[in-house]
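Student: Sequence and computational prediction follow.
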Amino acid sequence: MEVVAAHGALTTAVTQTARRMAAGGYGQYAAHLDNHRAELNVAIGELALWVESFGIWAEVDLAHHMQPPVLGAAPDGPRHDALDAALLTARETLKAERANLLGKLAEARTALHAVGLPADELTAYRRLVRLWAGEAIDVVAAVHRLTLADRYIRRLAHLTGRRDDALHQKAASLLDEWMHHLEEVDREGELALAESCGYGSLVDWYRARM
């Protein structure tokens, strides 16, 4: 089934991302991501049993499409700036793999309806994919924001001197660079974080220029 292959691609992406997180020092978040991988594996296992119950297809082979737990074997961690770039790429990969899997599910439902077979289990599996893949994407996005915040708050802390226009301009450039790496919906929250870290006047100056 193309659905099984697409599922395998999605969970492979989840697994690789969890490894990057664990290696980068975000083991707690990697554990959450690994839980979502496990839930997706349970879902495809249940779908496979349902497909096999019809007795008109060969046994569904999940051996190469079920990813094992990833925690406990973290390679050397990437540099912090490399990690946030990797997480951004991973988030977009997860979105693409989720969209591909949902597309394959739509095709499978159409094929089942065409031969008069029910598609209730496909619908249930689709709901689980949307839930757990969506949760996985949210976890990756959260860690991506954390890595960016850590980097840019540290860089703001290194700005020294009188708070004149020159310093404000440097801070604004940093904040602009930070915001550029974020989705629009997240920007105000991260500016509020910078304010709470003691950079309220710099944020105000930046906002006035927006």
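Tutor: Yes, it's here. Numbers count the residues shown, from 1 in each chain.

Student: show me the contacts for Ser117.
Tutor: Just so we're on the same page, residue 117 is Leu rather than Ser. If you count contacts by Cβ atoms under 8 Å, 6 or more residues apart in numbering, Leu117 has them with Phe54. In short, each C-beta sits where N, CA and C put it, glycine included.

Student: Same question for Ala141.
Tutor: Applying Cβ under 8 Å, 6+ apart, we find Ala141 in contact with Arg91, Glu183, Asp186.

Student: Mind pulling up the pLDDT for the last one?
Tutor: Per-residue confidence (pLDDT) for Asp186: 94.

Student: And the one 4 residues further on, by the same measure?
Tutor: The pLDDT attached to Glu190 in the predicted structure is 96.

Student: What residues sit buried inside the top helix by length along the chain?
Tutor: Criterion DSSP state H: the longest helix present in the chain is helix 120-157. For helix 120-157, a neighbour-count test (16 or more other Cβ atoms under 10 Å) marks 122, 125-126, 128-129, 132-133, 135-137, 139-141, 143-145, 147-149, 151-153, 156 as buried.

Student: Dump the contacts of Ala141 to CSV, plus distance to Arg98 and neighbour count.
Tutor: Formatted as CSV, the contacts of Ala141 follow (distance: Cβ to Cβ, whole Å; neighbours: other Cβ atoms under 10 Å):
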residue, distance to Arg98, neighbour count
Arg91, 11, 21
Glu183, 16, 11
Asp186, 19, 16
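
Student: Let me have those in TSV, adding distance to Glu46 as columns.
Tutor: Shown next, in TSV, are the contacts of Ala141 (distance: Cβ to Cβ, whole Å):
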residue	distance to Glu46
Arg91	27
Glu183	33
Asp186	35
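
Student: Could you list the low-confidence segments of this protein?
Tutor: 55-68, 70-81, 160-163 (pLDDT under 70).

Student: again, only using 80
Tutor: The chain contains residues with pLDDT under 80 at 1, 51-81, 117, 160-165, 210.

Student: Outline the domain layout of it.
Tutor: Annotated domains of the chain cover 2-148, 161-208 [the TED database].

Student: most packed of the ones you listed?
Tutor: Highest mean neighbour count among these (mean count of other Cβ atoms under 10 Å): domain 2-148, with a mean of 17.

Student: residues in contact with the residue lying closest to Arg37 once chain neighbours are set aside?
Tutor: Leaving aside its chain neighbours, Arg37 sits nearest to Val14 (4.6 Å; criterion: Cβ to Cβ, 6 or more residues apart in numbering). Listed by Cβ under 8 Å, 6+ apart, the contact partners of Val14 are Leu33, Asp34, His36, Arg37, Leu40, Gln67, Leu94, Ala133, Ala136.
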